[in-house]
Structure formats: structure tokens, C-alpha cells
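Q: Next one to model:
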Amino acid sequence: MRPTELSEVVGQPDLLTEGAAFRTMVETGRLVSMILFGPPGTGKTTLARLVAQESDAHFAQLSATAHGVKDVREVLATARRQIEEESGRTVLFLDEIHRFNKAQQDALLPAVEDGTVILVGATTENPFFEVNSPLISRSTLFRLVGLGPEDVGELIDRALTDSKRGLGSMGMTIDPDTRMRLAERAGGDARLALNVLEVAAVVADGRTKTVIEQAELEEALQRRIVRYDKKGDQHFDVISAFIKSMRGSDPDATLYWLHTMLEAGEDPEFIARRMVIFASEDVGLADSAALGVAVAAADALAYVGLPEAAFNLTQAAIYLATAPKSNSVKSAMFAARTAVEETPSARVPNHLGSTGMQLTNEYLGVGDAGYVYPHDHPGHIVRQQYLPDDALGRVIYQPTKQGDESAIRQRLKEWKQTLKPTNDDG
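A: Purely as a prediction, here's the structure:
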């Protein structure tokens with residue numbers, strides 16, 4: 001069912017609408033090397049083939065997982081010969097280009113630069129992270145996006161009615177609700193949708209049915225489809241959504257993203273580490289027990305492992321999502337760092353130095369260090385200087401009114417009032 005012309009390609013309006021740079025380039029035959037990046041099943045290979053077809057160029061396909069520099073050099077040698085024989089240019093489609101290491105990618109540079117081949121690289125990864133800068137600078141980047149349910153639905157209909165390339169000869173139809181369910185659960189992956197459709201059609205045919213229904217779809221799916229790449233953008237996007245959902249105090253979204261990661265096989269220790277960080281960064285002293293809950297979940301994961309530890313991670317995620325939030329710990333940390341950076345010459349006040357330092361000061365004639373022991377005073381607090389002279393007056397920790405932190409805020413306010421200078425202080 002691979003499209004044989006641009007008009008058959010569904011989705012990708014940014015690339016294929018009239019006047020779009022990609023479409024204009026293909027239709028005019030003015031080709032440049034390019035990198036197509038986006039999720040699986042969105043048409044990268046198809047578009048590469050159409051680039052060659054529309055410009056009457058030779059098409060050579062390699063996969064970075066199965067081919068090496070030797071194979072690339074053979075293609076380049078053939079491409080040079082074809083140019084010399086005036087038999088046309090070559091489009092080299094390199095699938096999963098991100099899996100080529102730096103040396104392998106560098107081997108392509110001269111041929112791309114002198115026009116020996118038009119390189120079309122395809123990757124599911126962010127090319128800025130995975131493709132060498134010299135290669136990126138010589139290529140135009142085109143981003144593909146996952147297909148919408150309507151687009152996938154159109155492909156399903158096309159496959160069921162096309163008797164030459166599709167399943168039309170089976171006389172099979174699909175229940176409307178089942179069609180929509182497949183279109184949605186394919187996650188924007190056309191290849192996946194068509195593969196599942198084919199299996200479902202075979203299952204229905206084996207049951208002497210002419211309509212694909214929910215039972216056949218579930219049989220074909222076997223398990224929930226999770227679109228996720230542990231090393232790609234999805235990895236960063238989903239963990240970001242997970243953290244932001246906890247920060248936004250939405251336990252439902254929090255659990256959705258947590259179990260998206262767990263179902264996709266994300267490293268559970270990575271998830272647990274992010275939760276431990278979150279407990280201090282986004283909950284902090286608004287609920288001082290949050291850090292203990294997150295650490296306990298991480299310990300439980302190490303102790304029992306998955307799948308059972310999913311209970312512990314879920315419990316901790318709910319706790320963190322529903323806890324009162326405060327970023328005062330984060331703010332205080334950065335304020336403290338700024339204060340330290342801005343006062344490089346600050347010295348520890350004499351009265352705060354170690355006992356050994358105090359004895360040294362006395363020996364050198366500096367005088368009594370003057371440290372006052374707080375526990376000898378009412379409330380176990382006493383007014384004295386703790387910051388160095390260079391940092392006097394700085395406010396580094398500013399508690400919020402959130403949760404337990406409101407009590408800390410009130411306590412500090414009362415201490416400040418108690419320790420306020422009086423006329424007797426001179």
C-alpha cells in the first residue's frame with residue numbers, strides 16, 4: 001500500500017500542501033540533501049522514494065543497522081559512474097542515519113558536498129542530538145509528524161478496497177467503531193495500522209466472517225500499543241509531561257504518564273530518581289514527608305523490582321501529585337549559590353569559627369571570639385551574626401504559605417520579631 005505518487009500520501013500538510021518547500025522541491029526536481037525526522041510509520045521511506053521517482057534519479061537504499069561504510073562506498077562509486085555515463089543522479093536513502101557513528105557519517109560528507117549523491121537520511125531521533133553537525137549543515141531538515149486518526153482511517157479504507165495492493169480481494173469490511181479504535185490506537189503509525197489490519201482480516205477470515213469487529217482487532221493487537229522510544233524525543237517529552245503533571249497537582253495525568261513509561265519499558269530507576277528530585281524541588285518543606293515517600297519508593301524498587309514495585313511507584317506518584325507544592329528549596333538553593341558567587345572574599349566571622357580557630361585568634365591577640373550558645377537562652381535562639389560581613393542583609397530562604405511550610409514561615413516571623421534589635425543594643 002506504499003503510495004506511488006505524492007497525491008496518495010496522507011498527512012504531513014507542512015510538507016505536501018501546494019507551495020510547501022518540500023513539495024515544490026520534489027515537483028521541480030531541484031533536489032538537495034535532506035534529513036527526514038519523525039515518528040515511525042509517518043512516510044519517511046515513501047517520501048524518499050518519491051523524491052527519486054519525481055526527479056528520474058536512481059534510488060539506492062541502505063539501513064544503518066545492516067550496512068556499514070563499505071556499503072556506502074560501493075553506492076558512492078556506482079553513483080559517480082552513473083554521473084560519468086550521464087545516466088542520471090542517485091538518491092541515497094539512509095534509514096536510521098542516527099545509528100551511524102561519527103566516522104561513518106563523516107564518510108558521507110565529501111559525496112554530499114560535491115553532489116555525487118542526494119542524501120536522504122531518515123531518523124526517529126532529534127537530528128540535532130544524533131547527527132553530526134557538518135552533515136546537518138549540508139542538509140535541509142524536514143520534520144514529519146504522527147498521522148491523525150482521520151488520516152489513518154483513510155489508509156484503512158484504502159487498504160480494504162484496493163484489490164491489487166491491499167485486501168480488497170478478501171471482500172472484507174470493518175465495523176465503524178472498530179475502524180475508529182484502530183485508527184486511534186495506531187498512535188499515528190500508518191505501517192503499524194496496516195499490519196494490525198492485515199492480521200485482523202486474516203483472523204476474521206479464519207472465523208468465516210466478512211466484517212472485522214472488536215474481537216478480531218484485540219486479537220491482532222495482543223496488547224496496548226505504546227508509542228515510545230527510550231532514547232528519542234518521546235523519552236524526554238513523556239518524562240517532562242510526568243513531572244509537569246505532578247507539579248500541576250493532577251494525579252490522573254501523573255499516573256497516565258507514569259504507566260506510559262512503565263508499559264514502554266522505561267528504566268524504572270530513572271523514573272524513581274526524577275521523583276526523588278521532584279520531592280525537594282517542587283514539594284519541599286510544604287510537605288517534608290514527600291522526600292521520604294519518594295526515597296522509600298526508590299528503595300522499594302531496588303528491593304522488590306518490577307512488576308510489583310509499580311505499586312510503590314504509583315503510591316509515591318499519587319502522594320507527590322496531591323501534596324502541597326513549594327519551590328522555596330529550589331529558590332533558596334539558587335539564591336545561596338548566587339550569594340556565594342557574589343561574595344568571593346567573604347570570611348567566616350571570628351565567633352563562628354571552630355574551637356581551634358578561636359584559640360588561635362586569642363593567641364594572636366584577636367580577642368574573645370564572642371560566640372553565644374543559643375541553648376542558654378529563652379526559646380533556644382539568640383541574636384548574633386551568622387552571615388559573613390560581605391553577605392549581611394541577604395535573604396536566601398523565603399518560605400511560602402503552602403502546607404507545612406506555613407508553620408515554618410510563621411516560626412521565622414516570630415523569631416525575627418523576638419530577635420529584632422532594641423535601643424539597648426546601642
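
Q: quick one: contacts for Gly166?
A: With contact set as Cβ atoms under 8 Å, 6 or more residues apart in numbering, Gly166 has these partners: Met1, Arg158, Ala159, Leu160. In this view, the C-beta of every residue, glycine as well, is placed from N, C-alpha and C.

Q: export those to a markdown table and tack on distance to Leu194?
A: Output for the contacts of Gly166, formatted as a markdown table (distance: Cβ to Cβ, whole Å):
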| residue | distance to Leu194 |
| --- | --- |
| Met1 | 6 |
| Arg158 | 9 |
| Ala159 | 6 |
| Leu160 | 10 |
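
Q: Neighbour count and pLDDT added to those residues, as TSV?
A: Shown next, in TSV, are these (neighbours: other Cβ atoms under 10 Å; pLDDT from 0 to 100):
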residue	neighbour count	pLDDT
Met1	16	90
Arg158	17	94
Ala159	21	95
Leu160	20	95
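
Q: In helices, which of the residues you listed appear?
A: Assigned to helices by DSSP state H, the following of these qualify: Arg158, Ala159, Leu160.

Q: Pick the one among the residues you listed closest to Val283.
A: Checking the ones in helices among the contacts of Gly166 against Val283 with Cβ to Cβ, the nearest one is Ala159 at 49.8 Å.

Q: ok, for that closest one, nearest residue in space, not its chain neighbours?
A: Gly166 (4.1 Å; Cβ to Cβ, 6 or more residues apart in numbering).

Q: Using the three-state scheme, assign the one you found.
A: coil (DSSP: H, G, I helix; E, B strand; the rest coil).

Q: Roughly how far does it sit from Leu155?
A: To Leu155, Gly166 is 10 Å away according to Cβ to Cβ, to the nearest Å.

Q: sorry, back to before: where does the residue nearest to Ala159 fall, phi/psi-wise?
A: Per-residue torsions, Gly166: phi -120, psi -140 (degrees, to the nearest 10).

Q: okay, and the helix or strand of the chain with the least pLDDT?
A: None of the helices or strands of the chain scores lower by mean pLDDT, DSSP states H and E than helix 355-363, at a mean of 50.

Q: And the next helix or strand past it?
A: Toward the C-terminal end, the helix or strand that comes next after helix 355-363 (DSSP states H and E) is helix 405-418.

Q: ok, residues contacting that following helix?
A: Residues outside helix 405-418 that contact it (Cβ under 8 Å, 6+ apart) are Gly284, Leu285, Ala286, Pro324, Ser326, Ser328, Gly379, Ile381, Pro399, Thr400, Lys401.

Q: Redo those as TSV? Include pLDDT and distance to Ala79.
A: Output for the contacts of helix 405-418, formatted as TSV (pLDDT from 0 to 100; distance: Cβ to Cβ, whole Å):
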residue	pLDDT	distance to Ala79
Gly284	91	60
Leu285	90	65
Ala286	90	63
Pro324	91	64
Ser326	91	62
Ser328	91	62
Gly379	82	84
Ile381	82	80
Pro399	85	67
Thr400	83	64
Lys401	89	69
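
Q: from these, which is closest to Arg179?
A: Comparing the contacts of helix 405-418 against Arg179 with Cβ to Cβ picks out Pro324 as the nearest, at 45.7 Å.

Q: now the spatially closest residue to the closest one that is not a sequence neighbour: how far from Ala296?
A: In space, and not counting its chain neighbours, Pro324 is closest to Gly403: 3.0 Å by Cβ to Cβ, 6+ apart. Plainly put, Gly403 is 19 Å away from Ala296 if you go by Cβ to Cβ.

Q: those helices in the stretch 51-200 of the chain, which residues are they?
A: Using DSSP state H, counting those that start in this stretch, the helices of the stretch 51-200 of the chain run over 69-84, 102-106, 109-113, 127-130, 133-137, 149-161, 176-185, 190-206.

Q: per the record, what domains does this structure have?
A: Per automatic domain parsing, the structural domains of the chain span 6-143, 149-221, 233-322, 345-425.
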